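Q: sequence and predicted structure, then a few things I'm wondering about:
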Amino acid sequence: MAQNKTRILETEVSEEQSFSRASTPSESCNKRMRIDDNSCPTPSSPWNTSRKGKSSQEDRYQMGSIVRVCLKNFVTYDSVEFYPGPNLNMIIGPNGTGKSTIVCAIALGLGWNTSLLGRAKEISDFVKHGQERQNVTHREIQARVASINIQVDNLCQFLPQDKVCEFSQMSPPELLTQTQKAVGEKEMIEWHERLIELRNEEKSISTAAKADGDQIDNLEKRNAILERDVTRFREREAIMKRVRLYELRIPFARYGIAKNLYDELKEVRNEAHNEYNRLSKENEPANARKSELENNVKELTQEKKQCSDSFVKKRREMEGVAGKLEKTEGEIDTIRKDLSSIKRKEKMRRTRIAQLREEISDIEAKLQIPPSKPDSPDLIRRFDDVNNRMREITSKIGNNRELQSQIDGENKILYRDMASFKRQLQNLEDVRRRRLDALRNEPATIAAIEWLDQNRDRLNSRVYGPVCLEVNIKNMHYADAVEALLGHFMKTFVCEVEQDYHIVTKALCDEKGLKINVVCFSHLSMAKFQPPMSNNQLRTHGFESYLLDQIDAPPTLCTAICNEAQFHRIPVARNESDVDHKNVEKLFEFRKYIAGDTSYSITASKYGRRLKQSYTTRIRPARIFTNTINVESKRILESQLNEIQIKLKENEQSLYRLKREEQQLNGSLLVLNEEKAQISEEKNKARAALNEYEKLKIRLESKNSQLGREINRPQSVQYEENVLKEKLCEIARKRGQLAEEFQNFLDESMQLFSGRVRASLLHLQAVSELHALERQTQDRDDALKQAHARFTDANKKFLAAKSEAKRLLNAANSENEEIDEETREALQELNGMSLEELEDGLASDRAKANLHYTVDPNVIQTYDNRKAQIDDLKSKLLVKTNRLEVLMKEMATLRENWEPQLNELVKQISKEFSNAFDRIGCVGEVRISTNDDYDKWGIDILVKFRDNEKLQVLTGQRQSGGERSVSTIMYLMALQELAKTPFRVVDEINQGMDPRNERLVHSQMIQTACRPNTAQ
């Protein structure tokens, strides 16, 4: 509740916490801040139990400062009330005494969300167990908080314990925004947000304007290509209109010419017809005499033909008889040749008889020595012996190959089993792939994994990572607990040796700028991490084992996990009912344990009765450890694979030995085959000799038979000679008869030849008289023929001219039926032109039209549509250009106001930051990083803690935890005098600091925060 008079903001929190178990013994105790009775309340001593007589102190509070905090049934507090001072207020105490609880109370009391605290998500988790809840309205609280510039969500004002590490991980733009909100004027934030908004709009419009400009250029270039075609199209259209007029007028001009030609040819035709009739009457007497002579020539021609045919017929008969005479002459010559041949054959017969007798003597001499038999006992014995040895070797080869086949079959089964086991192993290994898929939203972690896979050869030893890929869960019931307690350490990379740590951090953090965590605990071993009690003792309290027993990981990883997450000290139970929580809390051997799906934390006060408190947190379901590798199954599969590989190796050796034996047997078989072939060759030679002997016997019989035939042949030769002589006498008698017949045909042919000569002479005389008459009437006949030809030609031309004129008239009329009035008027202008002039004009315009190539009408339509599109885009581009000018002017004005103030603000912060670092013997600087995009402007914090280093940007990975804490508090103190917020809160800011830095920072805080007119 805010009061204007005293400028006080009171915060009171009361909520119910819904725990399922019984409350702890401390629930009945009131927990209050202790006030030293001897101490005197001062402005810097915040724990005043009374507000009386403090009007002078109240005047030092700024609007929105916290003057009273009251907690009831809040986490570990039953009821507490205290009054912070106007400047520096420090809450100091051991762990578990409730320091962070007060920070949580302030945040929740001011109406902010629990997510800002990095702890429980539900407000009910902050209510003391067993107490009732009360509902409060946040709207009025939030409105009032916003009106006095309280920014609990700004890490520059409100930095809870669990958010300290996030400050150094803020990006430069985030740090700039939070700094402006914390110490800048309100209009600076508005200017910055407006600049970002205008810059985004300017980029969007610029991109759109560039796209429009590019599109306009593209369309204009494309239209420029078409523009020449459009001009030529329109010029050609005008030319084609003139061509059409010429085409319409030319048919009438041609008809006029054709009509004149028709009239002229009609007169020429009549004159030719009259001339032809006159010449025909003058030639009639001569034509009658000519007809008489032509009839006489025909009769004589017929007579001459008959004489010639008779003479030719008789001549052919005479030639037939002459041919028969020649044939008998040839037969006589043939018989004479046959008689000579018979005499030659007799001589050759005697020669063959001598040859046959000589051949018979040679064959009888060869048959005197009989050959050896091919089936001798020695050859048969040798052949059978070779066959027996070959069958024995063949049987051995068959057995060898059968053994090889059995081994091959066994190998196939082994290879199939090996492939099956490998697939099972691959399925087990897919767990890593699925976990990698769960890390896809962590690009820095994925990039680091890829770098490690590619650069293993650069490392001296094994680098594990991230932890979530290397750890296997033995019992998936505890996967949620393992993932929850590992937290961000799941994404940490663990090095076995320090050299690898430096290599990895330099390559990934320094050079690549990846935000990853890399650790090395080479100086530690698992011997250092002993559990509080044995597993047997642990089971007496209801626990199953330690969380370390539920994971399977290399020793280096187990050491790192125990050092960071204390898995060796965290017992686990499957069900909440298995554990006696009161006994465990009383025993106080474990600061944390897991029961069911709940995590329990136990703390004890270091003052007074050292009462113990328990916190419970519901464990969220695992996101990465959703599956795991069955190590025992993997070991069995690997063992089976190893056995298969050994068996395969043994089988390969056996196969090699069997193949060597098979080669030796094949060699022996080859030698036996050669021996068998040699024996077979000997048998074949003997058989061939026997066959040759039998052939000689048959040949001897054949030769004797031929000799007998040749000796008995003379009788048949004499008979053939007598037959030929009788045939020769018969042909001579026939030849005499044919000679007499030929003489008779010769006499008849001479008489016919004389008649043909007489008929030919009479025919020649008649033809001469006809030719003489034709020569006399030739001139008059030629004149008549010429007259007839002239008439025929004139008549033909007349009819053609008549048809052409009619056709041209019809064509001209048909062309002019559908023309409009404008075309008719244009045609009147061409009436005075001749056909030649019209055709010259038509040819000229057609030539011009041909020079303008034909353009597709769709091109013209495309050109017009594109031109309209260009005009539309130009109008839009003009609007965007005008808007860009307005945006640039407005951004320039805003930047002129915002940038000088920002520079001055950062300059003051950098000055205070540098002075603070200088006082602790270090170097620090704050800079502005600029960019064309205002949302990428940021603040870079540069620090140097050692003389041999350069200034380096503060990140969540580069500096150590203590260095980040020092840098964070120094930056916050640099904002102290400039702060526009009424108060600021930091919790556990000394995390990781060494004692020296802790003392120096404490001194700086007191000097800075206790200055007059500074925020609380």
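A: Sure thing, it's come through. As the structure is a prediction and not an experimental result, all values here were calculated from the model. Residues are numbered from 1 along each chain as shown.
Q: only C-alpha atoms from now on, for both contacts and neighbour counts.
A: Will do.
Q: name the helices or strands packed onto the stretch of helix or strand Ile380 belongs to?
A: In this assignment (DSSP states H and E), Ile380 forms part of helix 377-438. For helix 377-438, the elements it packs on are helix 467-470, helix 631-712, judged by 3 or more C-alpha pairs under 8 Å, 6 or more residues apart in numbering; DSSP states H and E.
Q: hmm, try it at 10 Å
A: helix 443-454, helix 467-470, helix 631-712 (3 or more C-alpha pairs under 10 Å, 6 or more residues apart in numbering; DSSP states H and E).
Q: mean neighbour count, the ones you listed: which tops it?
A: Each of the helices and strands packed on helix 377-438 was scored by mean neighbour count; the highest is helix 467-470, a mean of 20, by mean count of other C-alpha atoms under 10 Å.
Q: list the helices and strands that helix packs on?
A: Using 3+ C-alpha pairs under 10 Å, 6+ apart, helix 467-470 sits against helix 377-438, helix 479-486, strand 492-495, helix 555-565.
Q: residues in contact with that helix: which ones?
A: Helix 467-470 is contacted from outside by 431-436, 439, 464, 482-483, 486, 488-494, 552-554, 557-558, 560-561, 624-625, 628, using C-alpha atoms under 10 Å, 6 or more residues apart in numbering.
Q: now do stretch 878-889
A: So stretch 878-889 is contacted by 195, 198-199, 201-203, 205-206, 208-209, 212, 873-875, 877, 890-895 (C-alpha under 10 Å, 6+ apart).
Q: just checking, Asn816 touches Ile250?
A: No - Asn816 is beyond contact range of Ile250, at 11.5 Å (criterion: C-alpha atoms under 10 Å).
Q: who has more neighbours out of the two?
A: Ile250 (23 against 15; other C-alpha atoms under 10 Å).
Q: below-threshold pLDDT in the stretch 551-700 of the chain: ranges please.
A: By pLDDT under 70, the weakly predicted segments of the stretch 551-700 of the chain are 605-610, 628-633.
Q: re the thing from before, ok, which of the helices and strands packed on helix 467-470 comes nearest Leu641?
A: Judged by C-alpha to C-alpha, the one of the helices and strands packed on helix 467-470 that comes nearest to Leu641 is helix 377-438, at 6.0 Å.
Q: between that closest one and helix 631-712, how big is the angle?
A: With axes from the mean of the first three to the mean of the last three C-alpha atoms, to 10 degrees defining the directions, helix 377-438 sits at 150 degrees from helix 631-712.
Q: max-length strand in the chain?
A: Using DSSP state E, we find that the single longest strand of the chain is strand 66-74.
Q: what is it packed up against?
A: By 3+ C-alpha pairs under 10 Å, 6+ apart, strand 66-74 packs against strand 8-13, strand 77-82, helix 99-109.
Q: put together a markdown table for those, with mean pLDDT on each row.
A: Listed next are the helices and strands packed on strand 66-74 as a markdown table, based on pLDDT from 0 to 100:
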| stretch | mean pLDDT |
| --- | --- |
| strand 8-13 | 34 |
| strand 77-82 | 83 |
| helix 99-109 | 81 |
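Q: nearest to Glu643, out of these?
A: helix 99-109 (60.2 Å).
Q: just the angle between that closest one and strand 66-74, please?
A: On the basis of the same axes, to 10 degrees, helix 99-109 is oriented at 100 degrees to strand 66-74.
Q: and helix 99-109, how far out from the chain middle?
A: Here the centre of helix 99-109 is set off from its chain's centre by 56 Å, with C-alpha atoms, centre = their mean, to the nearest Å.
Q: now do that helix: which elements does it pack against?
A: strand 8-13, strand 66-74, helix 138-147, strand 158-159, strand 985-986.
Q: just the angle for it relative to strand 77-82, thanks.
A: Put simply, helix 99-109 runs at 80 degrees to strand 77-82, going by the same axes, to 10 degrees.
Q: tell me the angle of helix 99-109 relative to helix 138-147?
A: Using the same axes, to 10 degrees: helix 99-109 against helix 138-147 is 100 degrees.
Q: what comes up buried for helix 99-109?
A: By neighbour count on 16 or more other C-alpha atoms under 10 Å, the buried set for helix 99-109 is Lys99, Ser100, Thr101, Ile102, Val103, Cys104, Ala105, Ile106, Ala107, Leu108, Gly109.
Q: the fourth one contacts Ser79, doesn't it?
A: No - shown here, Ile102 and Ser79 do not form a contact pair, counting by C-alpha under 10 Å, at 12.0 Å.
Q: what touches both of these two?
A: Both Ile102 and Ser79 are in contact with Cys70, Leu71, where contact means C-alpha under 10 Å, 6+ apart.
Q: quick one: contacts for Glu650?
A: Neighbouring residues of Glu650 by C-alpha under 10 Å, 6+ apart: Ile644, Tyr656.
Q: among the contacts of stretch 878-889, which are in helices?
A: 195, 198-199, 201-203, 205-206, 208-209, 212, 873-875, 877, 890-895 (DSSP state H).
Q: buried ones only from those residues, please, as a ChimeraX command.
A: Burial among these is assessed by 16+ other C-alpha under 10 Å; the matching ChimeraX selection reads:
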select :195,198,199,202,205,206,209,212,873,877,891,894,895
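Q: burial measure for Pro251, as a count.
A: Quick note: Pro251 (other C-alpha under 10 Å) scores 21 neighbours.
Q: I figured it hits Glu804, correct?
A: No - contact between Pro251 and Glu804 fails when scored by C-alpha under 10 Å: they sit 11.4 Å apart.
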